[in-house]
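Chemist: Have a look at this prediction, sequence included:
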Amino acid sequence: MSEETNEIKLSDIEFRVLQILKEDARMPAAKIAKQLGLSRVTVSRIINSLRKKGVKFTIEAKDKELVAFVVTDSCKSTECYKTISGDFISLIRSNTLNEIENELEKIKPKNVILARSLGKRFVRTSLYCDYCGGKIESEPIIYKRGKKIYYACCNACLNGLKKKLTKLKD
Ligand SMILES: [Zn+2]
């Protein structure tokens, strides 16, 4: 087997920056710097080095499948826009038409456009173990295999993951 495999070691400070980015991958370097008492330049350098190591801070989350754009006279959802003419457009997202219809009954909208989501959004998220699927609460074990990065929550999962990946290759 010629494929390169290794575990990535993070320094203490890289780990602390990653902890913040795990919760909010869009947080600006300046804000992270303030939280950790570092300079913005230092934080930018750490983020670059994390990227070079192949550590990903955003995880693609599948969007809800359906979205209703609902015209109302006040904001009726956590995702809401005000039109130039003074109406509101509230977005209602769900995977089932039934759920959307239930919401619409409560809202009694002026107009509705129902649409299907085209793909994925990047959302704030946490790290999950690639073996057991559990949420990783402490330091993740980062495992690089070829170009892919995997996360494990513990050594047992890391070993399981390695075995599983080896089997898949055979
Ligand atoms: Zn696990």
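Modeler: Ah, there it is.

Chemist: Span of stretch 141-151 from start to end?
Modeler: By Cα to Cα, to the nearest Å, the extent of stretch 141-151 from end to end equals 6 Å.

Chemist: Please read the previous query as pertaining to stretch 29-49.
Modeler: Terminal-residue distance, stretch 29-49 (Cα to Cα): 13 Å.

Chemist: in it, what counts as buried?
Modeler: Judged by neighbour count using 16 or more other Cβ atoms under 10 Å, the buried positions of stretch 29-49 are Ala29, Ile32, Ala33, Leu36, Leu38, Val43, Ser44, Ile46, Ile47. In short, each C-beta sits where N, CA and C put it, glycine included.

Chemist: what comes into contact with that stretch?
Modeler: Ile13, Glu14, Arg16, Val17, Ile20, Leu21 (Cβ atoms under 8 Å, 6 or more residues apart in numbering).

Chemist: which one of these sits closest to Gly54?
Modeler: Minimum distance to Gly54 across the contacts of stretch 29-49 is 12.5 Å, recorded for Glu14 (Cβ to Cβ).

Chemist: That closest one: what secondary structure?
Modeler: helix (DSSP: H, G, I helix; E, B strand; the rest coil).

Chemist: The helix ranked longest in the chain and the ion, are they touching?
Modeler: What stands out as the longest helix in the chain, according to DSSP state H, is helix 155-169. Yes: for helix 155-169, a contact with the ion is found by Cβ under 5 Å from the ion, at Cys157.
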